[in-house]
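Enquirer: Model the following, please.
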Amino acid sequence: MQNVVTTTIENLALKHDRIPAALVREKNIKLGLRNEDGTGVFVGITSKGQVIGYKKEIQGDGTEKKVDLDGELYYCGYNIKELVRQQQEEGRFGFEETTYLLLTGELPNQKHLDIFAEELAQRRHLPKEAKKIILNRPPHDDQMGSLHTIVSAMHLFDEDPNSTDIKDLARQCIDLVAKFPTIVAYNYLASTGQRKKMPALREPRDDYHHAENFLYMLKGKKPDRLTANLFDMMLVLHAEHGGGNNSTFTVRAVSSSGANSYMAICSGIASLSGRLHGGANEAVESMMENVKAHVKDWDDDCEVSSYLEKILDKKANDKTGKIYGIGHSVYTKSDPRALILELKAEEIATKNGMGKEFKLYKKVAVLAPRIVKEKKGKVASPNIDFYSGFVYRSMGIPKELFTPIFAMARVAGWSAHRIEEIIQGKLMRPSYYSSLPGLRRNFVPLALR
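Expert: From the prediction side, this is the model:
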């Protein structure tokens, strides 16, 4: 009986829910909140992040044309390249500073940075009852589902979880940014045979920086400086990406209803769990394993190119026709985060004896955009996901944590956008055209159907 029901729903859904292309054009519907040329529809204003990958120029006939640019990313008006460069040159960790910037719109001085970092460190610890929830949850491998569950449960430990007063929003957001690494580490440890063992859940170290502390909690020892600095840089690069990325937009949409911080941030986690948003670096890793298995000479441009063409022609790898990690919905000529990461990826690959593998990644990063241009006529470049999985793997981080780590970084941006959305205070309520041929249908009595 159940099979009949599900089959009926499936068939009727496919019949009624597909959208006629002619109707989309006639009504000028912005599917996916995108214009016809693929650019995003403006739905709001933010001071937090700006992503630049193209510009629009007015042509002689009065029409607009999309012009591809080298990608730029700004956090509260500061170029991400400059933020990372300064942090790296000064040999210090940058995620705490970046989070402060996103939440306040201002760079902290040393005194304010120290106070903020200390506040984050003190808030890392989880209540004993939260640890029990983690240890006693049903066993499964879905780390993002576990993250969603525990973040949702954190409202139980808040005396005023539904307040939208700015002081409470600030407290809640800082608390979640601080606790995300602890939750992610505990969820993973509880899924690796150490379940129901409270001592296995190491207490956070208040004397470690945000990045150091997570790696310590995961592995039980303080990471070396190169690994910790690189992981910190990864958090900085993933912390924010404008209000239009799917998870941040979801957080803003849910926040606009007045939902509490825990529900709003959980909506971001739910969005990020989708394979089209948060799983790209895992897809890159799987693809590269496939390339390594089928390309005999990794140094041969012709052989590598030939196999990439097979992937693009849906004849190899997962046969979707996608070269994962190449191309982006906004960036075209370059992703600034990928350019930054590529240099550091080579450094840690060399350190950990993975130099030959990195050379193959770099070769694919050069050849794939040429092939996409030749066969599809599209300008594409490596995005940050092309290298991020490789970097995490070189650190010994399991792939199950790739997307939770993304959330661990992006919660800073989510929090900043949530506060901004509450201050702006406008419930999001877009409109949808009906796909039915008429607005009214005549009701047929049950006995006559």
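
Enquirer: can you give me the helices in the stretch 301-449 of the chain?
Expert: Secondary structure of the stretch 301-449 of the chain (DSSP state H, counting those that start in this stretch): helices at 301-312, 336-351, 355-376, 384-394, 402-424.

Enquirer: how about the ones you listed, which one is nearest K128?
Expert: helix 402-424 (22.1 Å; CB to CB). Heads up, the C-betas are built off the backbone N, CA and C, glycines and all.

Enquirer: returning to what we had before: tabulate the helices of the stretch 301-449 of the chain in TSV, adding columns for mean neighbour count, mean pLDDT and distance to E36.
Expert: Listed next are those as TSV, based on neighbours: other CB atoms under 10 Å; pLDDT from 0 to 100; distance: least, CB to CB, whole Å:
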stretch	mean neighbour count	mean pLDDT	distance to E36
helix 301-312	17	97	24
helix 336-351	19	94	26
helix 355-376	17	97	18
helix 384-394	24	97	26
helix 402-424	24	97	27
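
Enquirer: Break the protein down into its structural domains.
Expert: Domain ranges of the chain: 93-275+403-424, 280-394, per automatic domain parsing.

Enquirer: any low-confidence regions in the stretch 201-350 of the chain?
Expert: Applying pLDDT under 70 to the stretch 201-350 of the chain flags no residue at all.

Enquirer: The closest residue to K131 other than its chain neighbours: neighbour count?
Expert: With sequence-adjacent residues excluded and distances taken as CB to CB, 6 or more residues apart in numbering, K131 is closest to L201, at 5.7 Å. By other CB atoms under 10 Å, 17 other residues sit near L201.

Enquirer: again with L448
Expert: Residues near L448, counting by other CB under 10 Å: 5.

Enquirer: residue ranges with poor pLDDT in the stretch 51-200 of the chain?
Expert: 141, 193-196.

Enquirer: Mind doing that once more with 80?
Expert: Low-confidence segments of the stretch 51-200 of the chain, defined by pLDDT under 80: 62, 139-141, 193-200.

Enquirer: need the domains of the chain in JSON lines with distance to I45, can you?
Expert: Below are these laid out as JSON lines (distance: least, CB to CB, whole Å):
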{"stretch": "domain 93-275+403-424", "distance to I45": "8"}
{"stretch": "domain 280-394", "distance to I45": "17"}
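
Enquirer: so which of the ones you listed gets nearest S435?
Expert: Using CB to CB, the domains of the chain put domain 93-275+403-424 closest to S435, at 22.4 Å.

Enquirer: Off-centre distance for that closest one?
Expert: 13 Å (CA atoms, centre = their mean, to the nearest Å).

Enquirer: distance of the residue nearest to T403 when sequence neighbours are not counted from L69?
Expert: The shortest distance from T403 to any non-neighbouring residue, by CB to CB, 6+ apart, is to G278 (4.2 Å). G278 is 26 Å from L69, where distance means CB to CB, to the nearest Å.

Enquirer: Looking at the two, which one has more neighbours?
Expert: Higher neighbour count among G278 and L69: G278, with 22 against 14, using other CB under 10 Å.

Enquirer: which ones are touching the more buried one?
Expert: M144, S247, S271, L272, T403, F406, A407 (CB atoms under 8 Å, 6 or more residues apart in numbering).

Enquirer: hmm, 6 Å instead?
Expert: The contact partners of G278, by CB atoms under 6 Å, 6 or more residues apart in numbering, come to L272, T403, F406.

Enquirer: Quick one: classify K56 as helix, strand or coil.
Expert: Under DSSP: H, G, I helix; E, B strand; the rest coil, K56 falls in the strand class.

Enquirer: Same question for V184.
Expert: With three-state DSSP as the basis, V184 sits in helix.

Enquirer: hmm, back to that, please tabulate the helices of the stretch 301-449 of the chain in TSV, including the columns distance to P181.
Expert: Shown next, in TSV, are the helices of the stretch 301-449 of the chain (distance: least, CB to CB, whole Å):
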stretch	distance to P181
helix 301-312	35
helix 336-351	20
helix 355-376	27
helix 384-394	14
helix 402-424	6
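
Enquirer: so which of the contacts of G278 comes closest to E90?
Expert: F406 (25.7 Å).

Enquirer: who are the neighbours in contact with that closest one?
Expert: H238, G278.

Enquirer: Please apply the same query to L69.
Expert: Y54, K55.

Enquirer: that's a strand at it, yeah?
Expert: Yes - membership of L69 in a strand is supported by three-state DSSP.

Enquirer: what helix or strand does K222 sit in?
Expert: Taking DSSP states H and E as the definition, one finds K222 inside no helix or strand.
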